[in-house]
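Student: With the input below, show me the fold.
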Amino acid sequence: MGPRNSTVWRDAYKNAISRMRNAGINNVLVIDSGGWGQDDQDILNYALEVLNSDPLKNVVFSIHMYGEWNDNSKIYNFLTTCKNRGIPIIVGEFGYNYNNGNNNLGCKVDALYLMQTCRNLGIGFIAWSWTGNNSENAWLDMTSPSDWKTLTYWGKLVVYEKDPNDGLTILYNFEGSTQNWTGVNVAGGPWSVNEWAYNGSYSLKADVDLGTGKQFYLRITANHNFSGKSKLKAVVRHATWGNQGTGMQAKLYIKVGSNWTWYDGGTVNINSSTSGTTLTLDLSGISGLSDIRELGVQFLSGSGSSGRSAIYVDYVNIE
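Tutor: You can find the predicted model right below:
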């Protein structure tokens, strides 16, 4: 894997690529970053030069995400930067938050967020590992070593992309990123902020100018497949400032199919409580769940409301 942030790493792989191509080896070459695969700087600083040294341009780079990647914003920023720069990247190994980081790798990686971010960006990922680790690393076995097929907690987390303990799949948690959500009729934002969160450290926030009958939206226009799912949920609140009048309300909604047919979970009164208000949309009986075009939250300003306030969304999940 080589040293961190080093021209030695760069030159060694350029030389290896040249020798392999000269030997007639034309398949894709996967190159791990330095520092046991966890160093981001080798890839950010030298990957494109290594790639361009290959006459076939048939190289992909691999980053490993363990204890040095416990920060979701670091995961998002690195993968987004690679995508924007045209660096072919995969997450070639990663772990999860085992024993609250009290493990031999100091790993507290938010694996669900990592996998979700990779999917959103079109980046591949490979969890470590199927089975057969030594006793120190046995927590990374995805299946029982006795039969190589019975999924462990870690295996279920990867295969089903949801926490086996709660049965939920987290769609959006806004940890260090807006995750491509946008606002409609908002005065500012949306932003990923750490001033409130229901789950994790961040939520999605937008400023709004209140007034009787005004409506605001936080939403994402993207394709989702909710086939076989039963409920969509999100946690929302409004800020403590601003005159809320008779109070603010909210609806969790989706738009389905080529006609963008609207379905929502009904109007719910919300408040500024730090615990937030959970919105639920029952998906049973809705046809076309394989073709969700948009999902979001509609906020409804109360009668007699005035001034500027803020709205928040967090922990958008499905079961």
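
Student: now stretch 49-63, how far from the chain's geometric center?
Tutor: Computed by C-alpha atoms, centre = their mean, to the nearest Å, the chain-centroid distance of stretch 49-63 equals 26 Å.

Student: no wait, stretch 307-319
Tutor: 16 Å.

Student: Could you give the average pLDDT over it?
Tutor: For stretch 307-319, mean pLDDT is 95.

Student: Output the contacting helices and strands for the worst-scoring helix or strand of the chain on mean pLDDT.
Tutor: Every helix and strand of the chain was ranked by mean pLDDT, DSSP states H and E. The lowest is strand 169-172, at a mean of 85. In terms of contacts (3 or more C-beta pairs under 8 Å, 6 or more residues apart in numbering; DSSP states H and E), strand 169-172 is packed against helix 111-121, strand 308-318. Glycine gets a C-beta too; all of them are placed from N, C-alpha and C.

Student: how about 6 Å then?
Tutor: Under the contact definition 3 or more C-beta pairs under 6 Å, 6 or more residues apart in numbering; DSSP states H and E, strand 169-172 sits against strand 308-318.

Student: Can I get the strand it packs on in CSV? Just the C-alpha atoms.
Tutor: Provided in CSV are the C-alpha atoms of strand 308-318 (Å, rounded to 0.1, in the frame of the first residue of the first chain):
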residue,chain,number,x,y,z
ARG,A,308,-38.2,34.9,10.4
SER,A,309,-37.8,31.4,11.8
ALA,A,310,-36.2,28.2,10.7
ILE,A,311,-37.3,24.6,9.9
TYR,A,312,-35.4,21.4,10.4
VAL,A,313,-35.6,17.8,9.0
ASP,A,314,-33.6,14.9,10.3
TYR,A,315,-33.5,11.1,10.3
VAL,A,316,-35.4,10.3,7.1
ASN,A,317,-35.9,6.5,7.3
ILE,A,318,-38.0,3.7,5.8
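
Student: about what we covered before: and the helix or strand just after the least confident helix or strand of the chain, what's buried?
Tutor: Next helix or strand after strand 169-172 toward the C-terminus (DSSP states H and E): strand 182-184. In terms of neighbour count (16 or more other C-beta atoms under 10 Å), strand 182-184 has its buried residues at Gly183.
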